[in-house]
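Novice: quick one, what's the 3D model for this:
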Amino acid sequence: MKTKLTLVLLTLAQIASAQTFSLSSGITNTSGKEKDNLIGNGYNIQADAFLPFYKKNRFSLGLSLGADYTRLKNLSPDNEAVANRYKVHNTNVTIGANTDHAMSNSIAGLLGLQAQFQFGNFSVSPGISSGYLHFKPGGSVQTGSADINGEQRQIGLVNEEQETVKGILFKPVLKIGYQFTQRITVFAQTSLVSGPEIRRTTSYLVPQGGFRDDNIYEPTQLANGTWASVTSVATYTIKEINIGVSVNLGARKNKPSGPRGGAASASYAAGKAIVNDPSGKSISTKGVKRSEAVVAPTNEKSISEKGLKRSEAKAAPGNPIGGIIVKGGKNPGGNMLQFVSNDNGEVIMNGLEAGSYTFRLATGEQSAGKSISTKGVKRSDMAKPGSPIGGIVVKGGKNPGGGMNIQAVSNENGDVELTIPEAGDYLFKLEAPKRNSGLKDTLKTQV
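Specialist: Numbers count the residues shown, from 1 in each chain. This is a model prediction of the structure:
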C-alpha cells in the first residue's frame, strides 16, 4: 500500500511542475477474453502532464507523465449454463450468483514520450507510455437451490476467484486538440492499454460418480461431490476514448501595450525623437543635451524654436521608437488589431495565432492646438498624424525569452509583414534604421 501511495504522490508532484496539464475522462472497453473472465466495460479518469524538451516551429517533443484511474464492471456468471450442468431428478434447481462487488478498480502511473504538431488552432499529439498497473478484479459464487423431500436445500456449485493483477503496461495514445485560448485546449483522445496477465481460477463441484451425459443426478450425488478447479489466462487489454481539457501553465500573460482590436492607448512616448518636456519648456534651449530629449509628447512648445537644428529632430539609427501606431491583422481578412509602441519602442502582442500578419506603421497624434509654424519650419516638413512610416526595423520573438528571431523592415507605405511560427505571446521592438530611409522624412518633426 505504501509503495502504491508513493508512486501516486511522485507522479502527481511531477505533473504539478509541468508546463501543460491535462485532465480527461471517458469510456473503457475490455476485450472479449476479459469478458469471458467476467471483467466488463467501465470508465476512466486520467491526469497527465507534458514537459517539452525540444521545440522547433510547429513541432514539440517532450516527456509525458500520467496517472490513470479505471473502474470496470464485474460481470455476473452464466447461471443458465450451470443450471443445465447440474440437474436433479424430479425437481427444478434454481441457480443464484453473488459477486464480491459491482465494480473493480485499477490504478496506474505512466511515463513516456509525446510529440505535438500544431496546425493553427488544431494540434495532433501522438505518444507512447509505459508504467505500473495495480488491478484487483472481483470474484463470484454460484449456488443451487432445490426442494428435496419437502425441504429447501442449497449447495455451492461454482466459485470464481480472480488474482490481483500487478505488472508493466504499455499505452499508445493519440490526441487531437483545438486551442480555444492561449491557455485552454480541448481534446479528444483514444488509447490502447496492454498490460500483464489476468488469471482466473474456477472451482466447480464434481458430482459423486462423475459427470453424466444427461447431467441429471440424485441429491446425494451432489451432496457428496468433490471439488476440481481450472485456471484461465487473459491479457489485460482495454480501449479508451476520452474527452478532456489542457491548461498551458507555461503561458504568461503580459500587460498589453494597447487593446487588441480596439483603440490605441492615449498615453505613449515619442521614443528618441527631440520633443518638449512635460513642464512646458522647450528642450531645444541652449544647454540641453540630446540624451535628455527622451520625453513624452505632452509639451506645448514647438520643436522648431531657435537653437534646435532640423537634423537633431530625427531618431538616431538603431534607437527604439516610441509612440508609433501599429495597426493590422492576420492574412487574409483577420481581425483588426491596434497597438502603440511604448517608451522603449516595444509592442506586446498577446494571443497571436500562427500565420502571416500585415501591419501598417504610422505616426501618432501631435499635441492638440499647438502651432508648428514657427519661423524656419515649413508645413510640408511636418509629419501629419497617421502618416505611414517606411524604413522602421521591426525585431521580435516569442514572449517571454523567445529571442529576436523575427525581423522585418517597413516599406515606403509603412507596411511590414511578420510571419508568426506558432501560437502565443510575442514582443516586438521598433528601431530607427541604420541608414536613412523614409523614416527621416516622417519622424524628423514628429511631436
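Novice: remind me which helix or strand residue 66 belongs to.
Specialist: Element membership for residue 66, per DSSP states H and E: strand 59-74.
Novice: partner strands of that strand, parallel or antiparallel?
Specialist: Counting by DSSP bridges, the strands paired with strand 59-74 are strand 39-56 (antiparallel), strand 103-119 (antiparallel).
Novice: buried sites along the first one?
Specialist: In this case it means strand 39-56. Across strand 39-56, burial judged by 16 or more other Cβ atoms under 10 Å covers 39-40, 42-44, 46-52. All C-beta atoms are positioned from the backbone trio N, CA, C, and that covers glycine.
Novice: one step back: now render the strands paired with strand 59-74 as a markdown table, adding distance to residue 183 and mean pLDDT.
Specialist: Compiled in a markdown table, the strands paired with strand 59-74 are given as follows (distance: least, Cβ to Cβ, whole Å; pLDDT from 0 to 100):
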| stretch | distance to residue 183 | mean pLDDT |
| --- | --- | --- |
| strand 39-56 | 14 | 94 |
| strand 103-119 | 15 | 94 |
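Novice: report the rounded mean pLDDT for the strand holding residue 66.
Specialist: Averaging pLDDT along strand 59-74 yields 94.
Novice: can I get the CA coordinates of that strand in PDB?
Specialist: Extracted as PDB, the C-alpha positions of strand 59-74 are listed here (Å, rounded to 0.1, in the frame of the first residue of the first chain):
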ATOM      1  CA  PHE A  59       6.700  20.800 -33.600                       C
ATOM      2  CA  SER A  60       7.300  19.900 -29.900                       C
ATOM      3  CA  LEU A  61       8.700  16.700 -28.300                       C
ATOM      4  CA  GLY A  62       8.700  16.000 -24.600                       C
ATOM      5  CA  LEU A  63       8.100  13.700 -21.600                       C
ATOM      6  CA  SER A  64       4.600  12.700 -20.700                       C
ATOM      7  CA  LEU A  65       3.700  11.900 -17.100                       C
ATOM      8  CA  GLY A  66       0.400  10.500 -16.200                       C
ATOM      9  CA  ALA A  67      -1.900   8.800 -13.600                       C
ATOM     10  CA  ASP A  68      -4.900   6.700 -14.700                       C
ATOM     11  CA  TYR A  69      -7.800   5.500 -12.500                       C
ATOM     12  CA  THR A  70     -10.200   2.900 -14.100                       C
ATOM     13  CA  ARG A  71     -13.400   1.300 -12.800                       C
ATOM     14  CA  LEU A  72     -14.500  -1.900 -14.600                       C
ATOM     15  CA  LYS A  73     -17.800  -3.800 -14.100                       C
ATOM     16  CA  ASN A  74     -17.700  -7.300 -12.600                       C
END
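Novice: just give me how far it sits from the chain centre.
Specialist: 14 Å (Cα atoms, centre = their mean, to the nearest Å).
Novice: use 833 as the first number for this chain going forward.
Specialist: Sure, I'll start counting at 833 from here, so that last one is strand 891-906.
Novice: whichever helix or strand comes after it: which residues count as buried?
Specialist: Toward the C-terminal end, the helix or strand that comes next after strand 891-906 (DSSP H and E) is helix 911-917. When neighbours are counted by 16+ other Cβ under 10 Å, the buried residues of helix 911-917 are found to be 911, 914-915, 917.
Novice: what is helix 911-917 packed up against?
Specialist: Helices and strands touching helix 911-917, as assessed by 3 or more Cβ pairs under 8 Å, 6 or more residues apart in numbering; DSSP states H and E, comprise strand 926-931, strand 972-980.
Novice: from those, which stretch is densest packed?
Specialist: Among these, judged by mean count of other Cβ atoms under 10 Å, the one packed with the most neighbours on average is strand 972-980 (a mean of 18).
Novice: can you list the strands that it pairs with?
Specialist: Paired with strand 972-980 in the same sheet, following DSSP bridges, are strand 926-931 (antiparallel), strand 983-994 (antiparallel).
Novice: what does the longest one rub up against?
Specialist: Contacts with strand 983-994, where a contact means Cβ atoms under 8 Å, 6 or more residues apart in numbering, come from 869-870, 909, 914, 918, 927, 968-979, 1030-1037, 1051, 1054-1055.
Novice: alright, calling it a day.
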